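> show me how the following folds:
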Amino acid sequence: MTETTTRAGDDLGWQLGTLLARWRTAVGDVLDDIPAGPRGYHLLRVVADTPTPPTQAALAGHLGIDRTVMTYLLDDLCAAELVERCPDPADRRVRRITATALGRTALADVEDRIAAAEATVLGALTADEQDALRALLARATGPAASGEDRCAVVTA
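Now for the predicted structure:
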């Protein structure tokens, strides 16, 4: 190694890029089972984990996805019978998005397979180190900024 060569061991960009590339490879096949891949997965996860079904507009805002794109994404997930648009009892003009039973089953299966893939990607770390890494990354990234499409970063 020459003096001008950057060492991979202290190059955060290289480390994060390498980790993300390994994650994409390991998790990519799993997310192929969900329409729109990472975006569809994240949408399904939010819908399934939210006690009050969100509106389409609220989902778009939360995930940082353009409303037009959200419409097509929901169309695909509805066609796959993973989510459904339900009228809001308080305002029938509004549609709330709910996970179907099939959607919840598919989500549980995908989450199990993602966990296995991530365990492989992080296999050089102990379980405690993996937990610490996740906690540190969550703290470093913080919440999504308004309009930030975090789903897009895993598909880029």
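
> residues of the helix or strand hosting Arg92 that come out buried?
For Arg92, the host element (DSSP states H and E) is strand 91-99. Buried positions in strand 91-99, judged by neighbour count with 16 or more other CB atoms under 10 Å: 95-99. Using the backbone N, CA and C atoms, a C-beta is placed for each residue, glycine as well.

> just stretch 31-41 next, same as before
In stretch 31-41, counting by 16+ other CB under 10 Å, buried: 31, 34-41.

> so what's Ala119 up against?
Gln130 (CB atoms under 8 Å, 6 or more residues apart in numbering).

> likewise Cys78?
Applying CB under 8 Å, 6+ apart, the residues contacting Cys78 are 84-85.

> what's the distance between it and Ile65?
Distance of Cys78 to Ile65, computed by CB to CB, to the nearest Å: 16 Å.

> which stretch of helix or strand covers the residue nearest the centre of the chain?
Closest to where the C-alpha atoms of the chain average out (CA atoms, centre = their mean) is His42, at 3.7 Å. Using DSSP H and E, His42 sits in helix 37-49.

> contacts for that helix next, please.
Counting by CB under 8 Å, 6+ apart, 28, 31, 34, 36, 53-54, 59, 62-63, 65, 73-74, 76-77, 82-83, 97-99, 103-104, 106-107, 110-111, 150-152, 154-155 sit against helix 37-49.

> which residues are in contact with Arg95?
55-56, 85-88.

> dump those to JSON lines, plus pLDDT, distance to Val46 and secondary structure.
JSON lines is the format used below for the contacts of Arg95 (pLDDT from 0 to 100; distance: CB to CB, whole Å; DSSP: H, G, I helix; E, B strand; the rest coil):
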{"residue": "Thr55", "pLDDT": "91", "distance to Val46": "12", "secondary structure": "strand"}
{"residue": "Gln56", "pLDDT": "90", "distance to Val46": "12", "secondary structure": "helix"}
{"residue": "Arg85", "pLDDT": "95", "distance to Val46": "15", "secondary structure": "strand"}
{"residue": "Cys86", "pLDDT": "92", "distance to Val46": "16", "secondary structure": "strand"}
{"residue": "Pro87", "pLDDT": "91", "distance to Val46": "20", "secondary structure": "strand"}
{"residue": "Asp88", "pLDDT": "88", "distance to Val46": "17", "secondary structure": "strand"}
